[in-house]
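[1] Please find the sequence and the predicted model below.
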There are 2 protein chains.
Amino acid sequence: MVVKSELKLIKSLQQKKCRNEHGLFVVEGKKTIEEVLKSDIKLYKLFAVDSEDFKIEGVEVNRITNKELSQISSLKNPNGYLGVFHIPKQEQKIPSDWILVLDGLQDPGNFGTIIRLCDWFGVSDIVCSPETVDCYNPKVLQATMGSISRVRIQYTELNSYLSFNTLPIYGTFMDGNNVNDLRLPEKGILIMGNEGKGISDSITQLCTDRLAIPQFGGTTTESLNVASAVAILLHEIRK
Amino acid sequence: MVVKSELKLIKSLQQKKCRNEHGLFVVEGKKTIEEVLKSDIKLYKLFAVDSEDFKIEGVEVNRITNKELSQISSLKNPNGYLGVFHIPKQEQKIPSDWILVLDGLQDPGNFGTIIRLCDWFGVSDIVCSPETVDCYNPKVLQATMGSISRVRIQYTELNSYLSFNTLPIYGTFMDGNNVNDLRLPEKGILIMGNEGKGISDSITQLCTDRLAIPQFGGTTTESLNVASAVAILLHEIRK
């Protein structure tokens, strides 16, 4: 049994405002919870329908009924496990590698896939404009498959962030230079824009280089999905 | 007003069985409908809440109320337009280019993204095992952004399909050869497997070459999302 006030608190964490207010976020699914437990992110409370099934040293598991879980889960079909974690403090670090900057990305699934890609390609910092979808949104977390625990994500005003940096800033544009013809440096900033509108005007002006992924065949496809573009560009960067 | 029997028919097309029985599928959203109308795919009927807003020569637009639309739409928030189209006949063509083969792909969003990628990279044929998610599934169509009209998709038993072909067959495996070190031929078959299980054993045996996308940094990320992998591999193929 979980007390009502706690159920209410956890349910409220589906909203960004409440996540920020309480400094907590929710992770669902056994495997993703295990990934986050392995990281530096601090556990607040862990719930499981079958607590016998989830034994990790030093971690207290609270029993929850299926009915209670369905009340607080963001999933249509909750899968038996729910962890509440503390949102890590944002650290400002001097970049020693490529950084991915997201300017107003909106789709949670895209963001989750991009976090997973950064983890795969060893890009450990993502910097987001305040308008970018919240990385602790349940749908983002579901798509990260636990990678959220290995990538640092911060939200900040991009104009000032980019103005104070000395790395080359690569923006992606339909009419940019073919990425296959370029030699990319060892450090840099890669900016990806909003799914519909691309990179905003003020950020476009700060780009020192313009990149494009060449299309093949017809010219009818309007654009690559932003997560597909990140996959190709990080692959090129790491070659 | 749309007659009840028609509403029932269209609603039934959310199920694969009914789509195949009637040879019809549903496309929602003005932009995607416009893309499909431009293709060889034949229109069955077009519905719009505001029929004044949708004028295409030679195309009859049927008025539908918001209430009727919400009864038959697969979307939580229907967006005013719904087109019913005839499923195109499968043509067996001799491949003259790269072909993408999907062995049991399950996620509709991944499939939609992959169709969009094939369109972008000019790969016009996708061949799927019978277990692969149906390409006329509403969630697949939503993710294709209209690309479905420019990529031929067929479902067939892969063992016999692959046995009769003379092209090199590239499978993707965690322990395959680094794609960056290979020169890929002008024609070939690229096989992608199921999200969880990868390529099935019987199909693995038919692969003539084993590919892998190199990871960078730690080795903690379990795998790339299959659509991300397709993005990188088609980019490499078209270089």
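    Nice, I can see it.

[2] can I assume A:V26 sits in a strand?
    Yes - under DSSP: H, G, I helix; E, B strand; the rest coil, A:V26 sits within a strand.

[3] so what pLDDT did the spatially closest residue to it that is not a sequence neighbour get?
    Of all residues not flanking A:V26 in the chain, A:L13 sits nearest, at 5.0 Å (Cβ to Cβ, 6 or more residues apart in numbering or on different chains). Every residue, glycine included, has its C-beta placed from N, CA and C. Confidence at A:L13, expressed as pLDDT, is 95.

[4] residue contacts, A:L13?
    With contact set as Cβ atoms under 8 Å, 6 or more residues apart in numbering or on different chains, A:L13 has these partners: A:19, A:22, A:24-26, A:84.

[5] How are the helices of chain A distributed by residue range?
    A:4-12, A:16-22, A:30-37, A:66-72, A:108-120, A:138-144, A:158-163, A:201-204, A:226-237 (DSSP state H).

[6] Show me what the second one is packed up against.
    Counting by 3 or more Cβ pairs under 8 Å, 6 or more residues apart in numbering or on different chains; DSSP states H and E, the packing neighbours recorded for helix A:16-22 are helix A:4-12.

[7] Any buried residues in the helix it packs on, and which?
    Neighbour counts over helix A:4-12 (16 or more other Cβ atoms under 10 Å in any protein chain shown) mark A:6-7, A:9-10 as buried.

[8] So what's the residue count around A:E186?
    Residues near A:E186, counting by other Cβ atoms under 10 Å in any protein chain shown, number 8.

[9] how far away is it from chain B?
    Separation of A:E186 from chain B (Cβ to the nearest Cβ, to the nearest Å): 12 Å.

[10] Equivalent analysis for A:L224, please.
    In this structure, A:L224 and chain B are 6 Å apart, going by Cβ to the nearest Cβ.

[11] is it true that that residue touches A:I213?
    Yes - counting by Cβ atoms under 8 Å, A:L224 sits close enough to A:I213 to count as a contact (6.2 Å).

[12] measure A:V26 to A:N62 for me?
    Distance, A:V26 to A:N62, by Cβ to Cβ, to the nearest Å: 14 Å.

[13] Which one's more surrounded, these two?
    A side-by-side neighbour count of A:V26 and A:N62, using other Cβ under 10 Å, places A:V26 first with 22 against 14.

[14] mind listing what the more buried one touches?
    In this structure, A:V26 makes contact with A:10, A:13-14, A:72, A:74, A:82-85, A:136, A:138, A:141, judged by Cβ under 8 Å, 6+ apart.

[15] what are the bridge partners for it, then?
    Beta-bridge pairing for A:V26 (DSSP bridges): A:V84.

[16] Now do the closest residue to A:F25 other than its chain neighbours against chain B, distance only.
    Distances taken as Cβ to Cβ, 6+ apart place A:Y136 nearest to A:F25, at 3.7 Å, with adjacent residues excluded. A:Y136 is 20 Å from chain B, where distance means Cβ to the nearest Cβ.

[17] what residues does chain A put near chain B?
    Residues of chain A lying close to chain B (Cβ under 8 Å from any Cβ of the partner chain) are A:109, A:113, A:116-117, A:119-122, A:124, A:145, A:147, A:150, A:180, A:213-218, A:220-222, A:224-225, A:227-229, A:231-232, A:235, A:238-239.

[18] what sits in contact with each of A:L224 and A:I213?
    A:I232.

[19] how's chain A carved up into domains?
    Per the record, chain A has its domains at A:4-86, A:99-237, by automatic domain parsing.

[20] Just name the most buried of these.
    domain A:99-237 (a mean of 19; mean count of other Cβ atoms under 10 Å in any protein chain shown).

[21] Could you tell me the end-to-end distance of that one?
    Domain A:99-237 has its terminal residues 11 Å apart, counting by Cα to Cα, to the nearest Å.

[22] you'd agree A:G171 is up against A:T204?
    Yes - contact status for A:G171 versus A:T204: in contact at 6.2 Å, counting by Cβ under 8 Å.

[23] Please export the C-alpha coordinates of the lengthiest strand in chain A as CSV.
    Counting residues, the longest strand found in chain A (DSSP state E) is strand A:169-178. Only the C-alpha atoms of strand A:169-178 are listed here, as CSV (Å, rounded to 0.1, in the frame of the first residue of the first chain):
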residue,chain,number,x,y,z
ILE,A,169,29.6,25.9,-34.3
TYR,A,170,28.1,23.6,-36.9
GLY,A,171,24.5,24.2,-37.8
THR,A,172,22.5,21.8,-40.1
PHE,A,173,20.7,23.4,-43.0
MET,A,174,19.1,22.2,-46.2
ASP,A,175,21.5,24.3,-48.2
GLY,A,176,24.6,23.6,-46.1
ASN,A,177,27.9,22.0,-47.2
ASN,A,178,27.9,18.3,-47.9
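
[24] packing partners for it?
    strand A:189-193, helix A:201-204, strand A:209-212.

[25] let's see it at 10 Å
    In terms of contacts (3 or more Cβ pairs under 10 Å, 6 or more residues apart in numbering or on different chains; DSSP states H and E), strand A:169-178 is packed against strand A:99-103, strand A:189-193, helix A:201-204, strand A:209-212, helix A:226-237.

[26] Mind listing the strands it pairs with, and their directions?
    Strands that pair with strand A:169-178, judged by DSSP bridges, come out as strand A:189-193 (parallel), strand A:209-212 (parallel).

[27] Give me the contact list for the last one.
    With contact meaning Cβ atoms under 10 Å, 6 or more residues apart in numbering or on different chains, strand A:209-212 is reached by A:168-180, A:182, A:184-185, A:188-191, A:199, A:204, A:224, A:229, A:233, A:236.

[28] okay, that strand in CSV with CA atoms only?
    C-alpha atoms of strand A:209-212 as CSV (Å, rounded to 0.1, in the frame of the first residue of the first chain):
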residue,chain,number,x,y,z
ASP,A,209,29.8,26.4,-40.4
ARG,A,210,26.8,25.1,-42.3
LEU,A,211,26.3,21.4,-42.7
ALA,A,212,23.9,19.3,-44.9
